[in-house]
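> Below: sequence and its predicted model.
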Amino acid sequence: MIELVWLIPIFPFIGFLINGLFGRRFSEKTIGWIGAGSVGASFVVAVSIFFEILKLAPGNRSVEKIVYSWIWSGDLNVPIGFLVDPLSLIMIMVVSGVGCIIHVYSIGYMHGELGFRRYFSYLNLFVFNMLILVSANNFLLMFVGWEGVGLCSYLLIGYYYEKKSASDAGKKAFIVNRIGDFGFLLGMFLIFTIFGTFNFTDVFGAAPEKLTQGGAIVTLITILLFVGATGKSAQIPLYTWLPDAMEGPTPVSALIHAATMVTAGVYMVSRCSVLFAMAPVSLTVVAIIGGATALFAATIGMTQFDIKRVLAYSTISQLGYMFMACGVGAFASGIFHLMTHAFFKALLFMAAGSVMHAMSGELDMRKMGNLRKKLPYTHLTYLFGTLAIAGIFPFAGFFSKDEILFYSFEKHIAFWILGAVAAVMTSFYMFRSVFMTFYGKSRVEKDVAHHLHESPPMMTVPLMVLAFLSLVGGLVGIPMLEGGHVFADFVGPVFAPAKAIIDHGVHHEGHHNVTAEIILMAVSLGIAIFGLLVARFMYITSPETPGRIVQRFSGLHKLVYNKYWIDELYDFLFVNSIVEFSKLIWKKFDEAVIDGAVNGVAAVVRAFGSVLRLLQTGLVKDYALSILVGAIVVIGYLLLR
């Protein structure tokens, strides 16, 4: 089956072509099942390859499949090739598995939409590009998928293009990502200059010989690559596009936030773990940016009332955890959290979509309350997702987030403090969303309350599947038990070279301190429970408390509620200044110089033509006079010569 790895991205592409070219002839159900079935077929192939890879010895679980030579010019030879190893397989199964569930959910959620065919075409194309990104065996092919998901995010975020806010959000996502992609491109060019190839295996294998540990070149390469990651994975300072991405349909938000675009940066950094391991400065930058983003986004999430925006800032924060894990050298833990996050974040967004479906599109949690009786399945599944993201035992997020906090503590207590404070805030604002939406007094408007109903099985069954995964998904990473961390054992060989570089010259006394890990696990759980209890007190026991706190700290609340005015700052520093500079260039150069030169040439030709026009009057008498004058001149010349 490994030989058929190329089928994994091909199936969604075929779905894109069928629905895009012939979808007008099909019913909604046919279009939906073509879209979902094509991604499901990719998942089946991926699982088959996964079991085949398991039969190989851990050291031999890396296989390249070259389909054909794509670019061959001089020393440059770039194939369409796929790398099958534990890291790419985990990503492929997450993208295709969670993606298939979101496609099925979309059949019910998007029912009746005029752009139903267009939506599923774009969704299939999105998954195709993401699968190319995570399965490519070289930087250039990865970049094709990298840019492809950027294009599809523009198309899907701006799906409701008739709305100015949606079209603006799509453009914002596209432009901000181009800024990050510029860094990624420069990093790729530098890699080719140094190594003469884009192939992962060749680059990472030759890195210890061609690059100096901690040298300027490897530091520059990794910083440039990380700039690209901050754009795709919405980290400081290029995070501002992701909250606005909520303008797209909710299943799109689930796909972007859970399984596709925003995880691309984490995957790329993990794939380049050898290069980052050779650049300690870059690793520190990654850890600092990740930890700062986790805390920064969490503070904003605490003050938002739009349920989807709460989840959006939650995604930014959780991605910060993943980067912090990579920055402290715990690449496997970062990918582990990426996987569990895909389960519970897709679940949370889709459950939020179910709430919107019942609430006629309402997103403001201040207009909800006590919905658990009307939406029992949505309530229970959203609660499961919240328990997972908050890190409550035994849900998936407990295991993956606890690992990141543990390794952060081992690296430097400052990183642990960043993660721990962000974890308290995460638990608080997520349970705040639970209590404001499903508990307390109903604040639903009467005309909306009359139509409250649970979503159809096409939407609730995918929620139940993801709720189950959010519950048991972390069990593959049980710490402390020998042989219990199945996930780390599986992906470990991929990160072994990077770990050897990081650990070089560092003395380790066997396994890490189990007692310390148990204590930190207890602290992590206590942090999550504390956030839960505070949220319950403020929004159930004493609902007037938030108002009093806002009044007392009105200035601070205004600052955080308005997202620190970062968007406005960017508009002032970059957007508006560029617009004004463009106007200046238009007036002073375009109109004055370019248009002036063109118009000046036209004026000269027109003046010259006006003079010549006098010679062509069309009157016989004028021509006779001209002949007479000419004859006199000629005769006079002859007589006087």
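Ah, there it is.
> Nearest to the spatial middle of the protein, which residue is it?
Closest to where the C-alpha atoms of the chain average out (CA atoms, centre = their mean) is residue 262, at 2.1 Å.
> quick one, what contacts it?
By CB atoms under 8 Å, 6 or more residues apart in numbering, the contact list for residue 262 reads 232, 233, 234, 242, 256, 315, 319. Where C-beta positions appear, they are placed from N, C-alpha and C, glycine not excepted.
> Residue 465 versus the nearest residue in space to it that is not next to it in sequence, what's the distance?
In space, and not counting its chain neighbours, residue 262 is closest to residue 233: 5.1 Å by CB to CB, 6 or more residues apart in numbering. Relative to residue 465, residue 233 is positioned 26 Å away (CB to CB, to the nearest Å).
> So for those two, which sits in the more crowded spot?
residue 233 (30 against 20; other CB atoms under 10 Å).
> Phi first, then psi, for the more buried one.
Reported as degrees, to the nearest 10, the phi and psi values for residue 233 are phi -100, psi 20.
> so it makes contact with residue 326?
No: between residue 233 and residue 326 there is no contact under CB atoms under 8 Å: 10.6 Å.
> which residues do those two both contact?
residue 266.
> Where does pLDDT dip in this protein?
Applying pLDDT under 70 to the chain flags residues 479-484, 505-513.
> Show me what the helix or strand harbouring residue 286 is packed up against.
Assigned by DSSP states H and E, residue 286 belongs to helix 280-301. Using 3 or more CB pairs under 8 Å, 6 or more residues apart in numbering; DSSP states H and E, the elements in contact with helix 280-301 are helix 216-232, helix 273-277, helix 307-327, helix 396-411, helix 413-438.
> What's the separation between residue 109 and residue 545?
Residue 109 is 35 Å from residue 545, by CB to CB.
> Please apply the same query to residue 255.
Distance, residue 255 to residue 545, using CB to CB: 37 Å.
> Okay, buried residues for the lengthiest helix in the chain please.
Longest helix of the chain, by residue count under DSSP state H: helix 164-195. Buried residues in helix 164-195, counted by 16 or more other CB atoms under 10 Å: 166-167, 169-170, 172-174, 176-177, 179-181, 183-188, 190-192, 194-195.
> ok, residue 322 to residue 344 distance?
Going from residue 322 to residue 344 by CB to CB gives 14 Å.
> cool, residue 487 as well?
16 Å.
> Next, the contact list for the closest residue to residue 294 other than its chain neighbours, please.
Counting by CB to CB, 6+ apart, residue 294 lies nearest to residue 320, which is 3.1 Å off, once chain neighbours are set aside. Counting by CB under 8 Å, 6+ apart, residue 320 makes contact with 235, 289, 290, 291, 292, 293, 294, 295, 296, 297, 422.
> Reformat the residues you listed as CSV; add neighbour count and distance to residue 438.
Output for these, formatted as CSV (neighbours: other CB atoms under 10 Å; distance: CB to CB, whole Å):
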residue, neighbour count, distance to residue 438
235, 30, 31
289, 20, 35
290, 32, 32
291, 27, 32
292, 17, 32
293, 27, 29
294, 29, 26
295, 19, 27
296, 23, 28
297, 28, 24
422, 28, 24
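> okay, these in TSV with distance to residue 363 next?
Output for these, formatted as TSV (distance: CB to CB, whole Å):
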residue	distance to residue 363
235	25
289	30
290	28
291	30
292	28
293	24
294	24
295	25
296	23
297	19
422	24
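> Can you tell me which of the residues you listed comes closest to residue 333?
Distance to residue 333 across the contacts of residue 320 (CB to CB) is lowest for residue 290, with 12.0 Å.
> Share the number of residues neighbouring the residue nearest to the closest one when sequence neighbours are not counted, please.
Distance criterion CB to CB, 6+ apart; nearest residue to residue 290, sequence neighbours excluded, is residue 323 at 3.0 Å. Look at residue 323: counted by other CB under 10 Å, it has 30 neighbours.
> likewise the one 5 residues further on?
Using other CB under 10 Å as the criterion, residue 328 is surrounded by 28 other residues.
> Can you name the residues that contact it?
Going by CB under 8 Å, 6+ apart, residue 328 touches 283, 287, 407, 408, 410, 411, 412, 415.
> 7 Å instead?
Neighbouring residues of residue 328 by CB atoms under 7 Å, 6 or more residues apart in numbering: 287, 407, 408, 411, 415.
> okay, those in JSON lines with distance to residue 70 next?
Formatted as JSON lines, these follow (distance: CB to CB, whole Å):
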{"residue": "287", "distance to residue 70": "36"}
{"residue": "407", "distance to residue 70": "38"}
{"residue": "408", "distance to residue 70": "40"}
{"residue": "411", "distance to residue 70": "40"}
{"residue": "415", "distance to residue 70": "41"}
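> got TSV for those residues, with neighbour count and distance to residue 609 too?
Converted to TSV, the contacts of residue 328 look like this (neighbours: other CB under 10 Å; distance: CB to CB, whole Å):
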residue	neighbour count	distance to residue 609
287	24	72
407	23	81
408	28	79
411	19	79
415	25	77
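> Many thanks, we can stop here.
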